[in-house]
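1. quick one, structure for this:
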Amino acid sequence: MHWLPEKTDYRCFFKGARPGSAATTAPGPSPRGPPSASGSGFEVASSVTAPPAPSNGQGVEVELEVAFEPTVIGESLRDVLVVASAVGGEYQCPLVGRCVPPKPQGPVDISKVSWAAPPRCLIASIPLLWQLLDSVAAG
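-> A predicted model of the protein is given here:
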């Protein structure tokens, strides 16, 4: 929740490294959009802008998409996402990512499935075969 009456920019980084370090900021834009911060298999935009909160005292929700890309099945990773601004304060969000193997999809019962393939000749035309003889005695 953002409570300030003015638009505020927040930096996003992971607790394992400080903002702006090579370990947390990916060079250039990520496949998901603007420059991103990454750590421990997690990736997030490097900044987010919160709109001004209304004057009625209610805050404004600010959404942030976090991606998790595991590298090994069974892997369980933890990190803390920090969203911070000099005027808006600091928010810390614990993250847990786990990669589980896919669930089985079968067996698929094909005994009740019926289909027929019409017989078809795979050779479009039968070629003529010629034999040339160079000796009268061989034939």
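2. lowest-confidence helix or strand of the protein?
-> strand 25-30 (a mean of 42; mean pLDDT, DSSP states H and E).
3. okay, now the residue nearest to W3 when sequence neighbours are not counted: neighbour count?
-> In space, and not counting its chain neighbours, W3 is closest to G59: 4.6 Å by Cβ to Cβ, 6 or more residues apart in numbering. (Each C-beta comes from the backbone N, C-alpha and C, glycine too.) By the criterion of other Cβ atoms under 10 Å, G59 has 12 neighbours.
4. over to F14?
-> 21.
5. so it makes contact with R78?
-> No: applying Cβ atoms under 8 Å, one finds F14 not in contact with R78, separated by 10.5 Å.
6. what sits in contact with each of those two?
-> Contact with both F14 and R78 is made by residues S40, according to Cβ atoms under 8 Å, 6 or more residues apart in numbering.
7. secondary structure element for A84?
-> strand 76-85 (DSSP states H and E).
8. distance of the residue nearest to W3 from P5?
-> To P5, G59 is 11 Å away according to Cβ to Cβ, to the nearest Å.
9. who touches both of those two?
-> Residues touching both G59 and P5 (Cβ under 8 Å, 6+ apart) are A53.
10. so who does the residue nearest to V80 when sequence neighbours are not counted touch?
-> Distances taken as Cβ to Cβ, 6+ apart put K15 closest to V80, at 3.8 Å, once the chain neighbours are dropped. The contact partners of K15, taken as Cβ under 8 Å, 6+ apart, are D79, V80, L81, V82, Q92.
11. if A50 is in a bridge, with which residues?
-> T8 (DSSP bridges).
12. give me the number of residues near it?
-> 21.
13. ok, F13 next?
-> 24.
14. what mean pLDDT does the host helix or strand of it get?
-> In the assignment (DSSP H and E), F13 maps to strand 8-14. Throughout strand 8-14, pLDDT has a mean value of 91.
15. please consider this matter closed, and thank you.
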